[in-house]
Each structure stands twice: as structure tokens, then as C-alpha cells.
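Student: for reference, the sequence and a predicted model appear below.
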Amino acid sequence: MIPSFGSRQRLRIGLLGGSFNPAHAAHREISLTALHRLKLDQVWWLVSPQNPLKKTAGMASLAERLAGAATVAAHPRIVVTAIEQRLDTRYTADTLEKLKRHYPNMRFVWLMGADNLNQIRHWDRWRDIARAMPIAVLDRPGHHLTAPQSLAARWLSRWRLPQHEAAHLVDTDPPAFLLLKSKLNPLSATALRAQNGSNGK
């Protein structure tokens, strides 16, 4: 369970957002890599009530996705939450703004797979996300070469940290950006839904 709003705890937190429809081993591997390489206390999986860029058709219920994510996470320092529902936010930029307001002593870093770095330019106010907190991009199969050439990566390049400074990322004032190599797990939620049926179970 995440701390209550207004908590004065001083923790280093990685935020991994998404539909988790369904959660899978690659989400866990990204999280474990971030915990180790970025020297984090916890990683929070922000299970979105409804991703604005994804269709509702084929989307499992929030309760189902939370339960599935908790099963996959299976780690005391990976916290599965639907806090966006409580924050009443739909867009990541709003979520990060409110999290910083409710947890003034926390040090946050936004985590994403390299596949999302190619897509983030379609997100609402994506540059505000980069200005809100440091970003760690973790390698994903098929995106190792394309992600650094994406629009967002080129814009962020002036603030890019080398991998050997990964442990300092969360303490770096944003914008700050790091492309981190990790174990490449080919799993994706899209592939799992195709394998198991369109309902994401």
C-alpha cells in the first residue's frame, strides 16, 4: 500500500504507468532493473482506470487488471495501485503534478519502456511530463535503435545522463533523461491479448 496523502516519508519512487491489460513479466523486469540500477526504494505500478489513447473494447475491468498486476508483481517493493482513480486524473501530466503535490518529500522518477518513448509525442503535454520529474527509459525488444532517434529522445538529448550515473537520476532536477539497458523480455500486453483472446484475461 502506498503512503497516505501528505506523508512526510522521504522515499525514492519509480512510477510505471499503463493499462496493464494484462500485466506481464516484462513489466516486472523493468521494475526490478529500475529498483537496482536507480537505487529506488519502491516502484509504483499506476494501473490506469482508462488510458485515453486506448479503446475501451477489449479492456478488462480495473479490478481484474489490479489483481493480475499484483499477481505478476509479486515483490514487496513493487506496489500496485489505482491511485489515478483517487486523484481523478486521466492524463499522465496531471497525475504527476498531483503526486508531487500530495507527496512533497518524495523523489519521483518516471519509468517507461523504450516502445513508449516512440509514442510519447502523442501524449497530452508530454514536455510537461519531462519537466515534472526525471525520466528513465528502459530498453525493449525492437526499439533499441529507434527509441534514441524519436522526437522525444531528440528533444530530451540535451539533458541525457550517461548510464553510469543512473543512481543519481532521481536526485537530478528535471528535465533529466536516461536510456537504460535492461534484460530484453519480448512479452507485451498486445501479444498476450492476441494469444488469450481480446478481453485481456
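Tutor: Nice, I can see it. Residues are numbered from 1 along each chain as shown.

Student: only C-alpha atoms from now on, for both contacts and neighbour counts.
Tutor: Fine.

Student: and P148, what does it touch?
Tutor: For P148, the contact set (CA atoms under 8 Å, 6 or more residues apart in numbering) comprises R154.

Student: quick check: it vs A60, distance?
Tutor: According to CA to CA, to the nearest Å, P148 stands 32 Å off from A60.

Student: please tell me how far I2 sits from K181.
Tutor: Taking CA to CA, one finds I2 at 28 Å from K181.

Student: show me which of those two is the more surrounded one.
Tutor: Neighbours were counted for I2 and for K181 using other CA atoms under 10 Å; K181 has more, 16 against 11.

Student: pLDDT score for that one?
Tutor: At K181, the model reports a pLDDT of 80.

Student: neighbours around the residue nearest to it when sequence neighbours are not counted, how many?
Tutor: Nearest residue to K181, sequence neighbours excluded (CA to CA, 6 or more residues apart in numbering): D139, at 5.1 Å. D139: 23 surrounding residues under other CA under 10 Å.

Student: isn't D139 up against N118?
Tutor: No - in this structure D139 lies outside contact range of N118 using CA atoms under 8 Å: 11.7 Å.

Student: how far away is W159 from V72?
Tutor: Remark: distance between W159 and V72 (CA to CA) = 33 Å.

Student: and what of F20?
Tutor: Counting by CA to CA, the gap from F20 to V72 is 10 Å.

Student: and the two? Which one has more around it.
Tutor: Taking other CA under 10 Å, F20 and V72 do not tie; F20 has more neighbours (23 against 17).

Student: the more buried one against A67, yeah?
Tutor: No - if you go by CA under 8 Å, F20 and A67 don't touch, sitting 10.3 Å apart.

Student: phi, psi of Q9?
Tutor: phi -60, psi 140 (degrees, to the nearest 10).

Student: number of nearby residues for it?
Tutor: 12.

Student: residues contacting it?
Tutor: So Q9 contacts N105, M106 (CA under 8 Å, 6+ apart).
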